[in-house]
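what follows is a protein structure lacking sequence information:
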């Protein structure tokens, strides 16, 4: 059966409309669950929101002539944070927003507008080479561009602000290196997932969304990891963790080929043999075992991280310049500490 061009276009438009409606239903349902106290629904909601409005963000950046990975990441991350803040507000007020998916379009629109304004100001005043000018500086309640364009008389000078941002970039870079090493190591998937869920993910949630998943005095929490993983299989956790790392840490982070190959291997379980990818993680490993695997993997990753950092003279110089004497990063570099 053949269709005219008009009919074909109408079919495509109807299909796109249906896809948008389905995505909106998923977002609205996840939002409702989040307001009711669920944390596990949040990543799926953000994934769908990014798909729905990510194209709009990129188009606006392209039109403004400032479309790059850094600006995209800044706009998207600021939108995600704003969405999380809105969820917390809904919880506090015990009130849910109708048509939440549509409401979020305004959030993404305004956040990309903020990035464009800062980038345009910087470009007009300082050219294209000012480093990290659109980065947020939490301690200063603004961005580098804000403070250069509108300096304050209380001592907030551009050079000081840039130094603060460079320190933040140093920490971000070191953390990304740590995660990259984890993804590339040829180790058992359960051990790698234990480190991710018990140690890395809680840190990411706190830094990105100010969610205190575990107490500040703890570096890891196997108990929280078990709750987060639920009854999902090792294969499902591998897919979800990779998506989260790409979304919240770096788009370049992927589990190595060896990780996925091991998932197709037969293993002995408490109920017999099965492919590793089909095994429910929390049925096979308890809190104590996850704690041991987390510590074991962290020591291996930290050791490799230390070797790579010591080979990078620029990173070593930055650590000396930006990190305090008692800082954990300095301690790890100087003494090879594991935590």
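That came through, no problem. Predicted model only: the values in this text are computed from it and were never measured.

tell me the contacts of residue 79?
49, 53, 57, 104, 107-108, 111-112 (CB atoms under 8 Å, 6 or more residues apart in numbering). Where C-beta positions appear, they are placed from N, C-alpha and C, glycine not excepted.

buried ones among those residues?
Neighbour-count burial (16 or more other CB atoms under 10 Å) is assigned, among the contacts of residue 79, to 49, 53, 57, 104, 107-108, 111-112.

dump the residues you listed to CSV, plus secondary structure, pLDDT and distance to residue 305.
CSV is the format used below for the buried ones among the contacts of residue 79 (DSSP: H, G, I helix; E, B strand; the rest coil; pLDDT from 0 to 100; distance: CB to CB, whole Å):
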residue, secondary structure, pLDDT, distance to residue 305
49, helix, 93, 33
53, helix, 91, 35
57, helix, 91, 33
104, helix, 90, 37
107, helix, 90, 36
108, helix, 92, 35
111, helix, 89, 33
112, helix, 89, 34
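
hang on, the earlier thing: now the contacts of residue 79 in TSV, with distance to residue 221?
Below are the contacts of residue 79 laid out as TSV (distance: CB to CB, whole Å):
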residue	distance to residue 221
49	27
53	33
57	34
104	30
107	30
108	32
111	31
112	35
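
which of the residues you listed sits closest to residue 276?
Closest approach to residue 276 among the contacts of residue 79 (CB to CB): residue 49, at 32.2 Å.

ok, the closest one touching residue 105?
No. With contact defined as CB atoms under 8 Å, residue 49 does not count as touching residue 105 (9.1 Å).

other SSEs contacting the strand or helix carrying residue 45?
Here residue 45 sits within helix 41-64, counting by DSSP states H and E. In terms of contacts (3 or more CB pairs under 8 Å, 6 or more residues apart in numbering; DSSP states H and E), helix 41-64 is packed against helix 5-35, helix 69-93, helix 100-126, helix 234-248.

want to throw those helices into a markdown table with distance to residue 198?
What follows is these, written out as a markdown table (distance: least, CB to CB, whole Å):
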| stretch | distance to residue 198 |
| --- | --- |
| helix 5-35 | 22 |
| helix 69-93 | 22 |
| helix 100-126 | 31 |
| helix 234-248 | 12 |
